[in-house]
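Enquirer: Sharing a model that was predicted from the sequence below.
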Amino acid sequence: MQSHAALEYDYSLAKKFTFLTILFGFLGMLVGTIIAAQMAFPELNYLLGEYGTFSRLRPIHTNTVVFGFTVSGIFATWYYVGQRVLKVSMAESRFLMIIGNLMFWLYFIGALLATVSLLFGVSSSKEYAQYEWPFDLVVVVVWVLWGVSVMGLIGIRREKALYISVWYYLACFLGIAMLYLFNNMAIPTYFATEGLGNILHSVSMYAGTNDALVEWWYGHNAVAFGFTVPIVGMIYYFLPKESGQAIYSYKLSLLSFWGLMFVYLWAGSHHLLWSTVPDWMQTMGSAFSVVLILPSWGSAINMLLTMKGEWNQLTDNPLIKFMVLASTFYMLSTIEGPIQAIKSVNAIAHFTDWIPGHVHDGALGWVVFMIMASIFHMAPRMFKREVYSKKLMEAQFWLQTTAVVLYFTSMWIAGITQGMMWRAVDEYGNLMYSFIDTVTVLHPYYTIRALSGVMYLIGFLMFAYNIYKTMTSGRVLAEEPQFKTPMA
Amino acid sequence: MFFHWLEKNPFFFASAISIVISFAGLIEIVPNFAQAARPLVDMKPRTVLELAGKNVYMKDNCMSCHSQMIRPFKSETDRYGAYSLSGEYAYDRPFLWGSKRTGPDLHRIGNYRTTDWHENHMWDPTMVEGSIMPAYKHQFTNLADIETAYAEAVTVKNAFFTPYGPEFKRTREAWNAHRPKVLADAQAIADNMKNKDVKEAVAKGEVPEIVALIAYLNSLK
C-alpha cells in the first residue's frame, strides 16, 4: 500500500451529519429561546394549546440540543476526524459505509419521532432520558451501529497509534453506552400484563432514592461523555490543525484523559446534596467534584499553551478565537461546577436559576462554540470551497459571546437572589418572603435571558447561512488547505 | 512505556476505559441499594387513580418547575413541612424530585391545599398574583388513562413486590372488576369540584385528567 500518498477521504457521512447538526441546533435553540421568553412573558405559553406550555417544550429543548445537535456534531466530526487520524478512508470499506448510512437514517427518523412523542407528553420523566422505551431501543441500535463504525475504522487503520482525539471518541461511545443502558432500564406495562393500557408506557426498574442515584449518575455523566469528552476530542484535533501548532504536552493530555475517566463519574451525587441519599455519597460527590478541576483544567490549559508564542493568530483568524474562547468557557464552567458542588453553596444554588446559568455557560460557550468551530474548519475541506465570509464570522462571534455573558450573568443574579430570598427570615425568625415574591422579582433577569437567547439564535442563523453560502458559492479551492482555514 | 503500548492496542485501550469508568457507579450505587429501597413502615402504595394522576403529572411534566424534595433546613420545613425521608419515595417509579423550583415544592402539598384550590389554580394560575405558571385547561377535558395506571400497579406488584392486594391481576377481567373502585374514587374528588364538564364526565364513568391529578396532589403528604 502507498501509505504515504495523500488519501482521498470520503466525507459523505460527515456532510450528512453536519446538516443534521445545523438543523437540530436551530430547532433546539429556537425552542430554548421560546421557553426562556415564556418565563418572562407567560402569555407565550398559549401559542400551541396544550402542546405549547413551558413544561411540554422544555424536554424538547434539552433533548433536541443534547441528542439532536450535540450528538450529530459528535458523529459529523467523528466521520471527518476518524478517517484522518487513523489514515484510512471510509470509502475503503463498503461495510462501514452501509453501517454509517443505516445509522444516519435510523438516527434521523428516530430523533424526529422521539421529538414528536415528547410533544404529546409521552415521557418517562427522567431528566435528559425522557424518551419512552421504544425510542430508547432506537437509540441503543443507533449507538451500537456507531460503535461498529468506530471500532471498524480502528480495525482497518494504517496509523497504529491512536491519536488523542480517538481516545475521547472511544470513551464517549463506551461511557454513553453504559450510562444510557442502566438508567433507562424499565418494564413496559403493556407486556407485563395481558395487554392492558398504553403500549408506550413503562415503569422504571429503580424506585425513589435509588432511581435518583442512578438518574444523576447518568445525568451528570451524560454531560461528561456527551458535552465534555467528545468536545475535548474535537479541540485536540481542530486547534492544532487550525493553528499549525503541536499539542503543548503529551503527558498533560495523558493525565487529563485518564483523570477525567476516573474522577468524573463519582461526582454525579452532587446533584443530590441535602436530599435523602446517604451523607457519605453526598460527601463523595462534593469531594470528587473539586478534584475534577484538575483533569478539566489540564485539558483546557494544554489547549491554551498549545497557542504559546502564536497568540497573534487570535487577531487574524476568527476560528482560533472561537476555539480559545471555547476552552476559556470550559475553564469557567469547570470551576463553577465544583463551587456549586460545595454543600453550603449548594444549599443556596440548588433548585435556582444559577444551575441553568451554569449549564449554559458550558453548553453555549464551550460545546456549541467548539462544534461550530469544527464545522467551520471542516467545511472548506469537505466542500472544497473557501468559507464564504470572515466578516460574518467575526460578527457572529461577538454577538454570541455577548449573548453567553448576558445569559450567565443574569442567571447568576437570579439564582443567588432567589436562593437568598427563600431562606431570609425577619427579626422574629419568620420567613420574610412568600414564594411568589421570589418569582416576581426575577422578571428582569428572565427578560435579559430571553434577549440573550434571541441574540444567540441570530448568531446561529448567521453561522448556518455562512455554511450554506460556503457550500454553494464560496470560491473553489484548488487544493486542500493545510492549516489555517481560508475565508473570504 | 505502558501508555504507548496501550495506544497501539485498541482492545486493551477500550477495556481500560471501561474498567476505569465503572468504579464510581459500583461503589456509590450498589452497596446502599437494598437499604434505600425500603419503604416507611406501613406505607401504602398509591391507588390506581393516584397513579393515573402521577402519569398526568409526568405527561404535563410538572417536575420541570416543581420539586418534591424538602431539604432539612428550617427555611424549608417552615415553608413546606417536615423534611423528606428516603422511605417515603420507596414506591415512586420514577422518582419525581425535580431539579428546579420555578414554582414551590409539592412534596407535602396535600397537607395545605384542597381539591377546590387546585381546581381553581389549574384553570387559572394567576389567581396567585404574579404567577408565571401556564393554565392547564386541557386537563379538564382530556381523559386520564386509568387502564394504564392499573397496568402499572400490576406490573410493580409482580416485578417489585409493591404491596397491592390480591385482586390486582394481569387479566382484563381483573381490571374490569377494579374499575368501579377507581370511578368511585374519582367521584369523591369530583364531588368537591364545580366544573360542570368534569362532573358530567365523571357521572358518565369517565375520568378527566384534572380529577386524577388532584387525587395525586392530595396524596402528597
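Expert: Nice, thanks for sending it over.

Enquirer: Could you look up the SS state of the residue nearest the centre of chain B?
Expert: Taking C-alpha atoms, centre = their mean, the centroid of chain B lies closest to B:K54, which sits 4.2 Å from it. In three-state terms, and counting by DSSP: H, G, I helix; E, B strand; the rest coil, B:K54 is helix.

Enquirer: Contacts only, for the closest residue in space to it that isn't next to it in sequence.
Expert: Leaving aside its sequence neighbours, B:K54 sits nearest to B:Y216 (C-beta to C-beta, 6 or more residues apart in numbering or on different chains; 5.1 Å). (Each C-beta comes from the backbone N, C-alpha and C, glycine too.) Residues near B:Y216 by C-beta atoms under 8 Å, 6 or more residues apart in numbering or on different chains: B:46, B:49-54, B:56-57.

Enquirer: neighbours around residue 114, how many?
Expert: Going with chain A. Neighbours of A:A114 under the rule other C-beta atoms under 10 Å in any protein chain shown: 24.

Enquirer: nope, chain B
Expert: By the measure other C-beta under 10 Å, the count of residues near B:T114 is 13.

Enquirer: Which elements pack onto the helix or strand where A:M370 lies?
Expert: For A:M370, the element it lies in under DSSP states H and E is helix A:369-383. With contacts defined as 3 or more C-beta pairs under 8 Å, 6 or more residues apart in numbering or on different chains; DSSP states H and E, the secondary structure elements packing on helix A:369-383 are helix A:12-40, helix A:71-86, helix A:229-243, helix A:318-340, helix A:443-473.

Enquirer: Please could you give me each C-alpha atom of it, formatted as PDB?
Expert: Coordinates of the C-alpha atoms in helix A:369-383 are reproduced here as PDB (Å, rounded to 0.1, in the frame of the first residue of the first chain):
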ATOM      1  CA  PHE A 369     -18.700  27.200  20.100                       C
ATOM      2  CA  MET A 370     -16.500  24.200  19.600                       C
ATOM      3  CA  ILE A 371     -18.900  22.400  17.300                       C
ATOM      4  CA  MET A 372     -19.400  25.400  15.200                       C
ATOM      5  CA  ALA A 373     -15.700  26.000  15.000                       C
ATOM      6  CA  SER A 374     -15.200  22.400  14.000                       C
ATOM      7  CA  ILE A 375     -17.700  22.800  11.200                       C
ATOM      8  CA  PHE A 376     -16.100  26.000  10.000                       C
ATOM      9  CA  HIS A 377     -12.800  24.100   9.800                       C
ATOM     10  CA  MET A 378     -14.300  21.100   8.100                       C
ATOM     11  CA  ALA A 379     -16.500  22.900   5.500                       C
ATOM     12  CA  PRO A 380     -13.700  24.100   3.100                       C
ATOM     13  CA  ARG A 381     -12.200  20.600   3.200                       C
ATOM     14  CA  MET A 382     -15.400  18.800   2.700                       C
ATOM     15  CA  PHE A 383     -16.900  21.100   0.100                       C
END
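
Enquirer: Quick one: name whatever helix or strand follows that helix.
Expert: That would be, after helix A:369-383 and using DSSP H and E, helix A:390-423.

Enquirer: hmm, that following helix touching chain B?
Expert: Yes - contact of helix A:390-423 with chain B (C-beta under 8 Å from any C-beta of the partner chain) involves A:422-423.

Enquirer: So which other helices or strands are in contact with that helix?
Expert: Helices and strands touching helix A:390-423, by 3+ C-beta pairs under 8 Å, 6+ apart, are helix A:318-340, helix A:343-349, helix A:354-362, helix A:435-440, helix A:443-473, helix B:74-80.

Enquirer: Any buried residues in it, and which?
Expert: A:390, A:392-393, A:395-397, A:400-401, A:403-404, A:406-419, A:421-423 (16 or more other C-beta atoms under 10 Å in any protein chain shown).

Enquirer: re the thing from before, the inter-axis angle of the helix holding A:M370 versus helix A:71-86?
Expert: Interaxial angle, helix A:369-383 versus helix A:71-86 (axes from the mean of the first three to the mean of the last three C-alpha atoms, to 10 degrees): 60 degrees.
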